[in-house]
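Engineer: Here is a sequence together with a model predicted from it:
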Amino acid sequence: MRRVIVIGGGAAGMAAAIQAAAKGNQVMLLEKNEKLGKKLFITGKGRCNLTNDCDMEDFFGHVMRNGKFLYSACYSFSNSQVVSFFEERGLVTKVERGGRVFPESDRSSDVIRVLQKALRDAGVSVRLEAEVVKVLLAPDGKGGRRSQVGGVILKDGTKIEAEAVVIATGGCSYTATGSDGDGYRFAEGLGHTVSVRRPSLVPMEAAEGWVRELQGLSLKNVTLRMKKGKKLLFEEFGEMLFTHYGVSGPLVLSASSVANDSIEHMPLRMEIDLKPALSPEQLDKRILRDFGGNQNRQFKNALQKLFPAKLIPIMVELSGIPSDKKVNEITREERGRLAGLIKALPITISRFRGFDEAIVTRGGVLVREVNPSTMESKLVQGLYFAGEVLDVDALTGGFNLQIAWSTGFLAGDSIA
C-alpha cells in the first residue's frame with residue numbers, strides 16, 4: 001500500500017483519487033476550495049457536459065494539442081466507460097446535439113454527488129480548504145537515478161509525506177474557481193518545463209461598434225471563418241452569439257482554440273456566412289424572390305425574411321444601399337453587394353478575452369516529460385500529472401472533460 005496525495009478536487013483529481021484507492025492505495029485528496037468540483041459545477045452552463053458520444057478515433061480529431069499523447073489514457077478510460085461509471089452509480093445520462101452527453105437531470109450537482117459518494121466508498125480521505133504550497137522531494141537516494149517525490153507542505157505549514165503525488169490542479173481558466181496556475185509552479189519547482197499559457201475556448205472582442213449593437217442576438221446555422229491575412233485558420237458550421245464586447249458562442253469558442261497560435265498577429269478577420277446552404281447564384285435568386293414581393297417598399301422594410309429584426313439595420317448600413325430606396329430601384333450591383341455581405345459578414349477581432357472567461361488553458365506541462373502510458377513524470381519518480389495542467393486541450397463538446405477523466409483515471413491506475 002502506497003501513500004498517495006492528489007492535489008486538486010476537480011474532475012481529473014477525483015478520477016485519480018478514486019482509481020488510486022481502488023488499486024489498494026491509501027489516498028488523500030487535497031482541495032483548497034471549500035467544496036469539491038467547483039469548476040465542474042459550472043461546466044456546460046451548470047448542466048455538466050460529461051463527455052462526447054463520438055467514436056474514439058473521431059475524438060482525437062477534436063483534440064487541438066498533443067492528441068497522440070492521450071491515446072493510452074483515452075483508451076484506458078474511454079467515453080463509453082465514463083458513461084458506464086456514472087450510470088452504474090445511478091446517474092441517468094442523455095445524448096444531445098453533436099454527441100454531447102449530459103445528466104438527464106441537467107444538474108451538474110448530481111454529477112458531483114456521484115463522485116463524492118465514489119470517493120467515500122473507495123475510502124479516500126478528503127481534506128477541503130487544504131492549500132498546497134509546495135511538493136517535496138524525498139531525501140537523496142530514494143529514487144535511484146531519478147528524484148523521488150516525498151510529499152507536500154500545506155499553507156498552514158503542515159507537512160504530509162507520500163510516496164506518490166498527483167498534480168491535478170487545473171489550469172488558469174475560470175480563476176474564480178481557484179485555478180490560479182499553482183500546478184505549473186509545482187511542476188517547474190520539480191524541474192519540469194511549462195509552455196506558454198493562453199486562454200482558450202474564449203470569447204473575442206470586436207473592433208466594430210455595430211457588433212455591440214447586436215448584443216444578445218444568437219445566430220444559428222451559420223458558417224464562421226477566421227483568417228489571418230489571406231490564410232484560412234478556421235471554418236465551421238454552427239451557432240454564435242453577439243455580446244456587449246464582441247462575439248461568443250460555440251463557433252467562436254472553437255475558433256479561438258484553433259486561432260490561438262495567431263494571437264500575436266491581431267487583428268484577425270472573422271467572416272460570417274449567414275446563408276451557408278445557398279450558393280451565390282441561389283442566394284441571388286432568393287433575394288430577387290423576396291424583392292419581387294416588395295417592389296414598392298423601402299429597402300429597410302423588405303428584409304424581414306432574410307434577417308432577424310435586430311440585424312436588419314446593420315445589414316442596411318453595411319450594404320451602402322440607402323435605407324429608403326425603393327426595392328424596384330435597387331441595381332444589380334447593389335444587390336451583389338448585399339449578397340456578398342450575406343456570404344461574408346466581416347468582423348475585425350481585436351483580442352481574445354482573458355482567463356476569467358476561458359473554458360480551458362492552452363499550454364502547460366510539456367508532455368514529452370511525462371510518460372503517456374502512466375501519466376508519471378519522467379523526471380521525478382512517483383509524481384503524476386492529470387487534466388488541464390498538462391499541455392493538452394480540445395474543442396467544446398465534452399472533449400476536455402473526457403481528457404480530465406481519462407488522464408486522472410490512468411494516473412490513479414498506474415500507482416501500484
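Structural biologist: That came through fine. Residues are numbered from 1 along each chain as shown.

Engineer: Contact partners for Leu115?
Structural biologist: Each residue near Leu115 by CB atoms under 8 Å, 6 or more residues apart in numbering is listed here: Met14, Ile18, Leu36, Gly37. The C-beta positions use only the backbone N, C-alpha and C, and glycine is treated the same way.

Engineer: Residue ranges in the chain under the pLDDT threshold?
Structural biologist: Residues of the chain that meet the criterion pLDDT under 70 lie in 140-145, 263-265.

Engineer: so who does the residue located most distally from the centre of it touch?
Structural biologist: Residue farthest from the centre of the chain, counting by CA atoms, centre = their mean, is Asn296 at 49.6 Å. Contacts for Asn296 were tallied using CB under 8 Å, 6+ apart; they are Lys326, Val327, Asn328.

Engineer: which of those residues lies closest to Gly412?
Structural biologist: Nearest to Gly412 among the contacts of Asn296: Val327, at 66.8 Å, using CB to CB.

Engineer: ok, that closest one - contacts?
Structural biologist: By CB under 8 Å, 6+ apart, Val327 lies in contact with Phe291, Asn294, Gln295, Asn296, Arg297, Gln298, Phe299, Ala302.

Engineer: For Ala168, see how far away the last one is.
Structural biologist: Distance, Ala302 to Ala168, by CB to CB, to the nearest Å: 57 Å.

Engineer: neighbour-wise, which of the two wins?
Structural biologist: For Ala302 versus Ala168, the count of surrounding residues by other CB atoms under 10 Å is larger for Ala168: 32 against 23.

Engineer: wait, doesn't the more buried one sit right on Gly10?
Structural biologist: Yes - with contacts counted by CB atoms under 8 Å, Ala168 reaches Gly10, the gap being 6.5 Å.

Engineer: Spit out the residues that contact these two alike.
Structural biologist: Shared contacts of Ala168 and Gly10, counting by CB under 8 Å, 6+ apart, come down to Gly387.

Engineer: so what are the domain limits for this protein?
Structural biologist: 3-198+359-414, 203-353 (automatic domain parsing).

Engineer: Could you say which of those is packed most deeply?
Structural biologist: domain 3-198+359-414 (a mean of 20; mean count of other CB atoms under 10 Å).

Engineer: Any idea how far apart the tips of it sit?
Structural biologist: Terminal residues of domain 3-198+359-414 are spaced 13 Å apart (CA to CA, to the nearest Å).

Engineer: again with stretch 391-399
Structural biologist: Termini of stretch 391-399 sit 14 Å apart (CA to CA).

Engineer: for stretch 357-368, same thing?
Structural biologist: 29 Å.

Engineer: which residues touch that stretch?
Structural biologist: 43, 64-66, 69, 170-174, 179, 183-184, 187, 192-203, 253, 257, 260, 355, 385, 388-394, 396, 400.

Engineer: Return the subset of those lying in strands.
Structural biologist: Using DSSP state E to define strands, the subset of the contacts of stretch 357-368 located there is Met64, Arg65, Arg198, Pro199, Ser200, Phe385, Asp393, Ala394.

Engineer: So which of those residues is the closest to Val4?
Structural biologist: Closest to Val4, out of all of the ones in strands among the contacts of stretch 357-368 and judged by CB to CB, is Phe385, at 13.9 Å.

Engineer: Need the contacts of Asn296 in TSV (columns: secondary structure and distance to Arg269).
Structural biologist: Listed next are those as TSV, based on DSSP: H, G, I helix; E, B strand; the rest coil; distance: CB to CB, whole Å:
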residue	secondary structure	distance to Arg269
Lys326	strand	34
Val327	helix	31
Asn328	helix	35
